[in-house]
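Undergrad: Provided below for reference: sequence and predicted model.
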Amino acid sequence: MSLNSLTLSPHSAEIVASFGARAGSYELNAGLQKVIAARLARFLPALDRPKVLELGCGTGLFSRHLIERYPDASLILTDASPPMLAECRRNLAGTSGTRIDFGIMDASRPGGQGSFDLIAMSMALHWLPDQRASLERLRSLLAPSGVLLYAALGPDTFAEWRAVLSEHGLPKGVAAIEAVPGVVHEERFAPDTTALAFLRRIKSVGGLTPRVDYRPLSSGALRRAIRAVDARGPITWHIVYGRLSAAA
C-alpha cells in the first residue's frame, strides 16, 4: 500500500493545511471530538488479531481506543496532514504490543489492497468531497466479514446558524453535509452558550475552511448573524454514528 504521497484538490489541500497548522494545540481544544471518539468506541466489534485501517486519525484521539480495544491488532493509522500524523506518532510513542504503521492517505481515495477487518473514521467523513462514494470505496477494502465504522457530522449540524444566514440572505460557508448510509445512532450536542464561542471552538481546531464558492461575511453582517443566533439559543452539533459491512 502506498502511503507516502497524495495529490489533493486545492480546496482539500486548504482543509488539510488548516488542520495541520493547529496540530500541536489540537487536543487542547478538541474536547468535543474526544467525547465523540469515546462514544464511537462503544460500537467497536469483538475481533481477534484484526487488521485495522484508521482514516483521518488526526492526533490519535480515536487511535487510543483502537489500541486499548485491540492490543493484538495490526494498525495502519493514516491522515492527509503530515503535521497531524506526526503529532499522532508522538502521542502514541511507547505503545507496546500493538503493531502500528503510520502513513499519509487521502480518505476519499484510499489506495492499495484491502482485506481489512475494520476501517474506522472519527469526525473525518464529512470533510470528504463525496461521502457516499467514499464509503463505497472503503467498503470494497473490507475483508468479507469486515466492518466499516464512522462518526461524522449529520445533516442537521449547525441548523440554527444555517437558518439565521438563510433568513438574512447571507451566504453559508459550511459545506452541505450528506445523509449517509449505515447510521446506527445519532445524538446532538450544544457545547457553546454563544455563537462567538461556537466560532472560536471551530477555529481553534482548524475547522473553519469554508465551501469553495463562499463569499465571506462583512464584519457587520457577521455581528448581526451572531446576535440573531444568540437570540435563538445554542448552536447544535448533530453527530451520526455508522456501521457498514463489506460491499456485496
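TA: Cool, got the structure. Residues are numbered from 1 along each chain as shown.
Undergrad: For the rest of this, base every contact and every neighbour count on C-alpha atoms.
TA: Will do.
Undergrad: Other residues contacting stretch 74-90?
TA: 3, 6, 16-17, 19-21, 23-24, 49-60, 63, 98-107 (Cα atoms under 8 Å, 6 or more residues apart in numbering).
Undergrad: Between its first and last residues, what's the separation in that stretch?
TA: 18 Å (Cα to Cα, to the nearest Å).
Undergrad: which parts of it are buried?
TA: Buried positions in stretch 74-90, judged by neighbour count with 16 or more other Cα atoms under 10 Å: 74-89.
Undergrad: quick one: which of these is nearest S12?
TA: Checking those against S12 with Cα to Cα, the nearest one is A80 at 9.3 Å.
Undergrad: so how far is D72 from that closest one?
TA: Distance from A80 to D72, by Cα to Cα: 26 Å.
Undergrad: same thing with F189?
TA: In terms of Cα to Cα, F189 sits 34 Å off from D72.
Undergrad: With T209 instead?
TA: Noted for T209: a distance of 38 Å to D72, by Cα to Cα.
Undergrad: Settle it for me: which of these two has more neighbours?
TA: The residue with more neighbours, out of T209 and D72, is T209; 20 against 17, by other Cα atoms under 10 Å.
Undergrad: Excluding covalently adjacent residues, which one is nearest to that one?
TA: Spatial nearest neighbour of T209, excluding adjacent residues (Cα to Cα, 6 or more residues apart in numbering): I15 at 5.8 Å.
Undergrad: hang on, that neighbour packs against V212?
TA: No: between I15 and V212 no contact is recorded; they are 10.9 Å apart, counting by Cα atoms under 8 Å.
Undergrad: For the two, work out which one has more neighbours and name it.
TA: Remark: of I15 and V212, I15 carries more neighbours, 20 against 12, as counted by other Cα under 10 Å.
Undergrad: now for the host helix or strand of the more buried one, which elements pack on it?
TA: Take DSSP states H and E as the rule and I15 turns out to sit in helix 10-20. On a contact count with 3 or more Cα pairs under 8 Å, 6 or more residues apart in numbering; DSSP states H and E, helix 10-20 meets helix 82-91.
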